[in-house]
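Colleague: return atomic coordinates for the entry below.
(2 chains)
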Amino acid sequence: MRLLDFIVRWSPLALLAFAWELAPRLGLVDPQSLPPLSVVLAALAKLAADGDLLTNGLQSLWRLVAGLGLAILVGVPLGAMMASSRIVNIIAAPIARALYPMPKSALIPVLLLWLGLGNASKIMLIFLGCLLPVLMSAYNGVRGVDRVMLWSARSFGRSRLDVIFGVAIPAAMPDLLSGIRSALALSFVLLVSSEFLMARDGLGYLISFLGDGGAYAPMFATVIVVASLGFIADRLFLGITRRMLAWRG
Amino acid sequence: MARLIGLIEATGSLVAVLVAWFLATKFGAIGAFLLPPPGDVLARIADDTQSGALGASLLITLRTAGLGFAIAGILGTALGIAMARIRLVHWFFDPLVSLGFPMPKIAFLPVFLLWLGPTDSAQITIVAVSAVFPVVVAAYAGAQGVEKTMLWSAASLGGTRTGLLWQIVLPAILPQLFTGLQIALPVALVTTIVAEMLTGSDGIGGVMLGAMRFADSPGVFAGIVVIAALGLCVVRGMEVLRGWLLRGHAEGST
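Modeller: Okay, here's the model as predicted:
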């Protein structure tokens, strides 16, 4: 019965895959503009076998992990301190509030200008782009934590920093994790766009390289890989979130 | 006095950053190529405003972002409500939405460029595709939550299907729908700027990338300042609009 539910639920995707295969084969659309699904999958297998996918994929993944990791490492403590210390708040909040709504893709040209074609410009872009979403979610999360909980921890003799890291941040975890989840989505957008624009490797570079060369079947294959990676990363993060929040019941 | 202190607290660090920027470039701590003096950047913005170049590129950017966002808003709302009301629509679109929502839609930009060429339509399409998912999900969740008894009583009082839609469903889902739109708006802006950079459009994103190619750093920084201001205005404007539209709702101000 569960199998049947599964089939019914996902059958629209099978229908679309079928239409994708048939439309170019029957001449309904130009096979140049939309190569049949089987041709794209064959191109995908070839890209994987050649190792192009792996080398570029690892490069992209490293940029993503480093940039987002740095944003979490800096953003979470800073956001938590902004919520619990008046001085940090006065220093950081006006800057954070003014820059938070800025479309982060505006930073791409200046980072390419400063740091060039390599890894540094992409990692810095993802770091700067994700820093504010992570920081604001930590800030809002910690601000929402029950004051009594923090006061009790203090009165039991824990130091201020200890209270922030041991009590406030764990209590703010739901807000924090949902902030990191939206930062994860943003990091993919920034990664792919900066690799489209200027890079010598990475999956975004591979897509634009293949597209410029008119190799459309492998281009579609790489687009599918990037989209799937974004989807998988989100699901993995959702799984981690459920695990980390399981103790809350 | 308390007011003055409040003002200093609210803006002091921003002013400090500007002063530090000014001093760092004035005394040569950072080369003018890496970080042009704030005066140069402001002068550039003033020049471009006077020549009309800034207004023209701002208009192109606003048009792309606005059209893409409007299409996403209208289609997304319609689809979300239809998914909540019609089983067949739900069956077909539910897997597509749950698959498409977390995907980086920008990866499909080369596909739209292949299909539509480096045109306005390709840019508007990618903006709409990027921004539509949060709207669909919000409209669907909202429409699911509309109380059936409310619809039944209205229908029994002689309300037509379209009448119910406009007078009961849409007002009832407005707070949730607005939250979805507020998530979609920054996505639309980010995507617009990237699409402009990639298609070499005459919008702000394209102009900025051109400035980068010619290593014209005041031009690049002028672009950042203008885009940051644009983002701030648009996002704040949306908050004001929400407060005004939802002034009767309990959840209006959140």
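
Colleague: show me the residue at the heart of chain A, geometrically.
Modeller: residue A:184 (2.4 Å; CA atoms, centre = their mean).

Colleague: thought that one was touching residue A:232?
Modeller: No - checked against CB atoms under 8 Å, the pair residue A:184 and residue A:232 is beyond contact range at 11.3 Å. The way it works is simple: take the backbone N, C-alpha and C, and place the C-beta from them, glycine included.

Colleague: pLDDT averaged over the one helix or strand residue B:137 maps to - what is it?
Modeller: Residue B:137 is part of helix B:120-144, with elements assigned from DSSP states H and E. Helix B:120-144 shows a mean pLDDT of 95.

Colleague: buried ones in that helix, by neighbour count?
Modeller: Under the neighbour-count criterion of 16 or more other CB atoms under 10 Å in any protein chain shown, helix B:120-144 has B:120, B:122-143 buried.

Colleague: please name every helix or strand in contact with the helix-or-strand element of chain B with minimal mean pLDDT.
Modeller: Here the helix or strand of chain B ranked lowest by mean pLDDT, DSSP states H and E is helix B:161-164, holding a mean of 75. The elements that helix B:161-164 packs onto, with contact taken as 3 or more CB pairs under 8 Å, 6 or more residues apart in numbering or on different chains; DSSP states H and E, are helix B:148-156.

Colleague: what residues of the helix it packs on count as buried?
Modeller: B:151, B:154.

Colleague: now swap in stretch A:229-242 and tell me
Modeller: A:229-231, A:233-234, A:237, A:241.

Colleague: pLDDT check: weakest of the residues you listed?
Modeller: Minimum pLDDT for the buried residues of stretch A:229-242 is recorded at residue A:241 (91).

Colleague: check contacts around that one.
Modeller: Contacts for residue A:241 were tallied using CB atoms under 8 Å, 6 or more residues apart in numbering or on different chains; they are A:177-178, A:181.

Colleague: and what of residue B:135?
Modeller: So residue B:135 contacts B:72-73, B:75-77, B:80, B:177, B:180-181, B:184 (CB under 8 Å, 6+ apart).

Colleague: just give me the closest of those residues to residue A:121.
Modeller: Nearest to residue A:121, judged by CB to CB, of the contacts of residue B:135 is residue B:184 at 27.9 Å.

Colleague: longest helix in chain A, by number of residues?
Modeller: helix A:52-84 (DSSP state H).

Colleague: average pLDDT for that one?
Modeller: 94.

Colleague: which parts of the next helix or strand after it are buried?
Modeller: Following helix A:52-84 in sequence order, the next helix or strand is helix A:86-99 (DSSP H and E). For helix A:86-99, the neighbour count (16+ other CB under 10 Å) marks A:88-89, A:91-94, A:96, A:98-99 as buried.

Colleague: just give me how far stretch B:192-204 sits from the chain centre.
Modeller: Averaging C-alpha positions (CA atoms, centre = their mean, to the nearest Å) puts stretch B:192-204 15 Å from its chain's average.

Colleague: circling back to that earlier point, and the residue nearest to the centre of chain A, which of the three is it?
Modeller: helix (DSSP: H, G, I helix; E, B strand; the rest coil).

Colleague: run through the residues that contact residue A:200.
Modeller: By CB under 8 Å, 6+ apart, residue A:200 lies in contact with A:117-118.

Colleague: ok, the residue nearest the centre of chain B - contacts?
Modeller: In chain B, the residue lying closest to the centroid (CA atoms, centre = their mean) is residue B:185, at 2.6 Å. Counting by CB under 8 Å, 6+ apart, residue B:185 makes contact with B:69, B:131, B:234-235, B:238.

Colleague: and which of these is nearest residue A:29?
Modeller: Nearest to residue A:29 among the contacts of residue B:185 is residue B:131, at 25.5 Å by CB to CB.

Colleague: quick check, the closest one in contact with residue B:69.
Modeller: Yes - counting by CB under 8 Å, residue B:69 is a contact partner of residue B:131 at 5.6 Å.

Colleague: shared neighbours of the two, anything?
Modeller: The contact sets of residue B:131 and residue B:69 overlap at B:184-185, B:188 (CB under 8 Å, 6+ apart).

Colleague: tell me which of the residues you listed fall in helices.
Modeller: Counting by DSSP H, those place B:184-185, B:188 in helices.

Colleague: where in the stretch 51-200 of chain B is pLDDT low?
Modeller: Within the stretch 51-200 of chain B, no stretch has pLDDT under 70.

Colleague: tell me which residues in the longest helix of chain A are buried?
Modeller: Applying 16+ other CB under 10 Å to helix A:52-84 flags A:52-53, A:56-57, A:59-60, A:63-64, A:66-68, A:70-72, A:75-84 as buried.

Colleague: what helices or strands is that helix leaning on?
Modeller: Using 3+ CB pairs under 8 Å, 6+ apart: helix A:52-84 touches helix A:37-50, helix A:86-99, helix A:119-143, helix A:173-197, helix A:203-212, helix A:216-244.

Colleague: kindly recompute the last result at 7 Å.
Modeller: In terms of contacts (3 or more CB pairs under 7 Å, 6 or more residues apart in numbering or on different chains; DSSP states H and E), helix A:52-84 is packed against helix A:86-99, helix A:119-143, helix A:173-197, helix A:203-212.

Colleague: which stretch among those comes nearest residue B:87?
Modeller: Of all the helices and strands packed on helix A:52-84, helix A:173-197 comes closest under CB to CB, at 29.6 Å.

Colleague: now do that closest one against helix A:52-84, angle only.
Modeller: When axes from the mean of the first three to the mean of the last three CA atoms, to 10 degrees is applied, the directions of helix A:173-197 and helix A:52-84 differ by 140 degrees.

Colleague: tilt between helix A:173-197 and helix A:203-212?
Modeller: Between helix A:173-197 and helix A:203-212, the angle comes out at 30 degrees (the same axes, to 10 degrees).

Colleague: now helix A:173-197: mean pLDDT?
Modeller: 93.

Colleague: and the contacts of residue B:135 as TSV, adding secondary structure?
Modeller: TSV is the format used below for those (three-state DSSP):
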residue	secondary structure
B:72	helix
B:73	helix
B:75	helix
B:76	helix
B:77	helix
B:80	helix
B:177	helix
B:180	helix
B:181	helix
B:184	helix
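
Colleague: which one among those residues gets closest to residue B:110?
Modeller: residue B:72 (20.2 Å).
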